[in-house]
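How does the following fold in three dimensions:
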Amino acid sequence: MLLDPRGPRFAAALTTVVLAVALVTGSGLLVLAQAVVFALTAAAPRLGPYGLLFRALVAPRLGPPAEREPAAPVRFAQIVGLVFATVGAAGFLAGAPVVGLIATAAALAAAFLNAAFGLCLGCEAYLAVRRLTGRPLAARVAVPPR
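Okay, here's the model as predicted:
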């Protein structure tokens, strides 16, 4: 399955906002809600809540994408985000705010890099592992003109 790369970047922007608010407020419940979004998106990248918002509200206002990206790196990145958000939520909710702050800040940094610069750390890690194991995967695929 190939995805419009602008969708995950839009999702990263929303994730950045959610995690920034969670850090400012120290809300473990908000980090937990973001962990649920990560889990849903990892299970079905096209059906994640932020992806649905992108396709309903943003994509119709854009032209067709010039390239697409495979879903597997995005799915892996969502799993990594899920791990960090789960640790962050557990830290906040269990009374270990330093653990919550560090894990949430790491997830926020990764989301911000993707939203602002298009650098998906989880995707790059996935692609690096594929290259190291002799099973390279193209990061992006050009969409043929219509």
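
what helices or strands is the helix or strand harbouring residue 91 leaning on?
Element membership of residue 91, judged by DSSP states H and E, is helix 71-93. Counting contacts by 3 or more C-beta pairs under 8 Å, 6 or more residues apart in numbering; DSSP states H and E, helix 71-93 packs against strand 2-3, helix 6-25, helix 28-43, helix 97-117, helix 121-132. Where you see a C-beta, it was placed from the backbone N, CA and C, and this is true even at glycine.

Pull up the pairing partners for the first one, direction included.
Sheet pairing for strand 2-3, assigned by DSSP bridges, gives strand 67-70 (antiparallel).

Using CSV, write out every CA atom in the strand it pairs with.
Provided in CSV are the C-alpha atoms of strand 67-70 (Å, rounded to 0.1, in the frame of the first residue of the first chain):
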residue,chain,number,x,y,z
GLU,A,67,5.0,10.9,-5.1
ARG,A,68,3.8,8.2,-2.7
GLU,A,69,5.5,6.4,0.1
PRO,A,70,5.1,2.8,1.4
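
Please state the offset of that strand from the chain centre?
A distance of 15 Å separates the centroid of the chain from that of strand 67-70, by C-alpha atoms, centre = their mean, to the nearest Å.
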